[in-house]
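J.: For reference, the sequence and a predicted model appear below.
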2 protein chains.
Amino acid sequence: MMQHFDDVRARIDAHLRDLGGEVAAPPILREPIVRALSSSGKRVRGTLLIAAGESLGARPEKLLDAAAAMEMIHTSSLILDDLPSMDDAELRRGEPALHRRFGEDLAILTSVALLNHAYGLVVRNHAALSPRRWSAQDVVQRVVDAVGWDGSVAGEAVDLHSEGSTLDFDTLEYIHSRKTGALFVAAAAVGAMLANAAPASLKRFETYAKNLGLAFQITDDVLDVTADAAQLGKDVHKDEQKLTFVKLAGIDGARKLTGELIETSLAAIAQMRSTADPLRQLAITLRDRVK
Amino acid sequence: MMQHFDDVRARIDAHLRDLGGEVAAPPILREPIVRALSSSGKRVRGTLLIAAGESLGARPEKLLDAAAAMEMIHTSSLILDDLPSMDDAELRRGEPALHRRFGEDLAILTSVALLNHAYGLVVRNHAALSPRRWSAQDVVQRVVDAVGWDGSVAGEAVDLHSEGSTLDFDTLEYIHSRKTGALFVAAAAVGAMLANAAPASLKRFETYAKNLGLAFQITDDVLDVTADAAQLGKDVHKDEQKLTFVKLAGIDGARKLTGELIETSLAAIAQMRSTADPLRQLAITLRDRVK
């Protein structure tokens, strides 16, 4: 099963590199775009999209464009997150943050170019897959809602402007359900929609991904405290100014919460056929990461 | 006829305000988004989209969402253009540039939120209009191409990194055909596609809009030299460091070039029915602006 994920991740990486080869940008913009597309990443969102679509019988090669779109959107958001006016990070994925190498202007334009391109990619195979329940517009709107002013962008804005202030669990959940959770949920939803999911089934994928996304974020908070930069490939202890689940619940409490979220996640897809096993394995892999 | 444009512009403005009322963002992000949506603008791109669609018989109320999407994309690009790492502007549309009021982080997030939202809006009425020649994916891809790494974003990147260097007419045309022209062409194309344009007809709209967009940009260059900030509502003489058409051809040469582009623009739609008169009037209005 781990073999399966390594294979999916390698295919997503290869597809992102291929897409980088197609970039018709002027050289000055092409370089940061290709760099951003070829940076290493766990590709969890793309993997999630493919696992959701495959569990309903869609062929993974028809889902690769949409999976790459999710990774472009995620990479786009990391580039902004690292900017001096936001988290002011030095490292990302083991390399200098994009603006430190190419300047803020080109980093911002690269971020916009990646988000923008994702909108074409996410429905590029819509006609070939022809899910009769969901139009291309439905799929695009699902992503718009996840990214936008009540999605990741909202989570980022509230996160940036609540540092130092006293937060409660609800606000923290608001931030993370949007900043991380929204794109997790959209990835699973888009994979399911492209595979013609029935509405009730779509709901289960969303519940699964919502809990998985929150567990993923809390895991990140735990690793920020317990791991070092070489392991993570990004700045650590950046969260010292921020309220995190670890600060609210302690490391053990955060680990316990992660375990509960993973259980809820697994329960949502418990009735599904064995084709959903990759989704189960994805959740179990995450649970093992913070043990 | 001018009455017609004032009416269209007022309807686009009202629609943008209505859309601002729907914004489900947290207060900290809602304020800059609403501010950006309610700022004054000429709404040329939205007007162009509606005029193109109407000339093929589509009802304007079905085109308002897509027109608003074009204006959101344009506003999104202006917010970035004004950032310290880009043009570092103080004024925009008669008010402080967005980042000067709300900070760079929220300005950038507002820009992303507007671009993002536009992708849902541009195809929101696709099913209602049901243009049988163009899928929702076709329409989205048309906008992606205009905005992206070979579109406005590319034009902006090259523009920022060619200041001070010696440019020729071809490079200047590269910059403006993307930075301004691409979205003009997409606005006309999307209006035509939503109104089920035949491919040959679409091509004519694109030629019209390409020449109009370049004329519009050169007009801006002329006004940067001849007008003052109170008239334009944005910083003037910002172009002194840049090569512009005015520097290449002089003010009279730039005016002459504008006239020629408008003629080419009008010739492209010369065979079209009287329903295309608003497009003709739009070109003539622009020609009169720099006379």
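T.: It's in.

J.: give me phi/psi at residue A:96?
T.: Backbone torsions of residue A:96, given as degrees, to the nearest 10, read phi -60, psi 140.

J.: Residues in contact with the stretch of helix or strand residue A:285 belongs to: which ones?
T.: Here residue A:285 sits within helix A:277-289, counting by DSSP states H and E. Applying C-beta atoms under 8 Å, 6 or more residues apart in numbering or on different chains, the contact partners of helix A:277-289 are A:1-2, A:4-5, A:44, A:47-48, A:51-52, A:54-55, A:208, A:212, A:215-216, A:219, A:223, A:258-259, A:262, A:265-266, A:269, A:272. Backbone N, C-alpha and C define where each C-beta goes, glycine included.

J.: close to chain B, is the strand or helix carrying residue A:139?
T.: Assigned by DSSP H and E, residue A:139 belongs to helix A:136-147. Yes. Using C-beta under 8 Å from any C-beta of the partner chain, helix A:136-147 comes into contact with chain B via A:136-137, A:140-141, A:143-145, A:147.

J.: wait, doesn't residue A:175 sit right on residue A:161?
T.: No. Between residue A:175 and residue A:161 there is no contact under C-beta atoms under 8 Å: 10.3 Å.

J.: Quick one: low-confidence residue ranges for the stretch 1-150 of chain A.
T.: Scanning the stretch 1-150 of chain A for pLDDT under 70 picks out the ranges A:1-3.

J.: Swap in 50 and give it another go.
T.: Within the stretch 1-150 of chain A, the ranges that satisfy pLDDT under 50 run A:1-2.

J.: List the buried residues in the host helix or strand of residue A:190.
T.: For residue A:190, the host element (DSSP H and E) is helix A:182-194. Buried residues in helix A:182-194, counted by 16 or more other C-beta atoms under 10 Å in any protein chain shown: A:182-194.

J.: Per-residue pLDDT of the residue in the stretch 151-291 of chain A positioned nearest to chain B, please?
T.: Chain B sits closest to residue A:157 of the stretch 151-291 of chain A, with a gap of 4.2 Å, by C-beta to the nearest C-beta. Looking at residue A:157, its pLDDT is 96.

J.: If you tally nearby residues, what's the number for it?
T.: 29 (other C-beta atoms under 10 Å in any protein chain shown).

J.: give me every residue that touches it.
T.: B:25-26, B:28-29, B:105-106, B:109.

J.: One more: residue A:135?
T.: So residue A:135 contacts B:126-127, B:136 (C-beta under 8 Å, 6+ apart).

J.: same check, this time on residue A:208
T.: Residues in contact with residue A:208 (C-beta under 8 Å, 6+ apart) are A:188, A:265-266, A:268-269, A:279, A:283.

J.: Isn't residue A:188 up against residue A:211?
T.: No. Between residue A:188 and residue A:211 there is no contact under C-beta under 8 Å: 10.9 Å.

J.: how far away is the closest residue to residue A:266 other than its chain neighbours from residue A:10?
T.: Using C-beta to C-beta, 6 or more residues apart in numbering or on different chains and skipping residues adjacent in sequence, the residue nearest residue A:266 is residue A:283, 5.5 Å away. Using C-beta to C-beta, to the nearest Å, residue A:283 is found at 21 Å from residue A:10.

J.: what does residue A:216 give?
T.: For residue A:216, the distance to residue A:10 (C-beta to C-beta) stands at 21 Å.

J.: Over to residue A:173?
T.: Distance from residue A:173 to residue A:10, by C-beta to C-beta: 34 Å.

J.: Longest helix in chain A, please.
T.: helix A:199-226 (DSSP state H).

J.: Would you mark the buried spots in that helix?
T.: In helix A:199-226, counting by 16+ other C-beta under 10 Å, buried: A:201-202, A:204-224.

J.: now it and helix A:182-194, what's the angle there?
T.: Angle, helix A:199-226 to helix A:182-194, by axes from the mean of the first three to the mean of the last three C-alpha atoms, to 10 degrees: 150 degrees.

J.: Let me see the mean pLDDT of helix A:199-226.
T.: Across helix A:199-226, pLDDT averages out at 92.

J.: Just want the angle from that helix to helix A:277-289.
T.: Relative orientation of helix A:199-226 versus helix A:277-289 (the same axes, to 10 degrees): 20 degrees.

J.: From residue B:133, how far out is residue A:215?
T.: 46 Å.

J.: Oh, that last question was meant for residue A:8, not what I typed.
T.: 36 Å.

J.: More neighbours: which of these two?
T.: Comparing residue A:8 with residue B:133 by other C-beta under 10 Å, the one with more neighbours is residue A:8, at 24 against 11.

J.: Now do the helix or strand where that one lies: which elements does it pack against?
T.: Per DSSP H and E: residue A:8 is located in helix A:2-21. Secondary-structure packing of helix A:2-21 (3 or more C-beta pairs under 8 Å, 6 or more residues apart in numbering or on different chains; DSSP states H and E): helix A:27-38, helix A:44-55, helix A:60-81, helix A:277-289.

J.: chain center to the first one, what's the gap?
T.: Centroid displacement of helix A:27-38 relative to its chain, using C-alpha atoms, centre = their mean, to the nearest Å, is 20 Å.

J.: Contacts only, for the most centrally placed residue in chain A.
T.: Residue closest to the average C-alpha location in chain A (C-alpha atoms, centre = their mean): residue A:45, at 4.3 Å. For residue A:45, the contacting residues are A:67, A:70-71, A:73-74, A:183-184, A:187, by C-beta under 8 Å, 6+ apart.

J.: from those, which is closest to residue B:100?
T.: residue A:73 (28.5 Å; C-beta to C-beta).

J.: Grab the nearest non-local neighbour of the closest one.
T.: Per C-beta to C-beta, 6+ apart, closest to residue A:73 is residue A:118, 4.8 Å.

J.: Residue A:16 and residue A:67: what is the separation?
T.: Using C-beta to C-beta, we find residue A:16 at a distance of 9 Å from residue A:67.

J.: Oh, that last question was meant for residue A:6, not what I typed.
T.: Per C-beta to C-beta, residue A:6 is found 15 Å from residue A:67.

J.: if you count what's nearby, which of the two comes out ahead?
T.: Legend: neighbour count by other C-beta under 10 Å for residue A:6 and residue A:67, higher for residue A:67 (29 against 10).

J.: nearest spatial neighbour of the more buried one, skipping sequence neighbours?
T.: residue A:46 is the one closest to residue A:67 (C-beta to C-beta, 6+ apart), at 3.4 Å.
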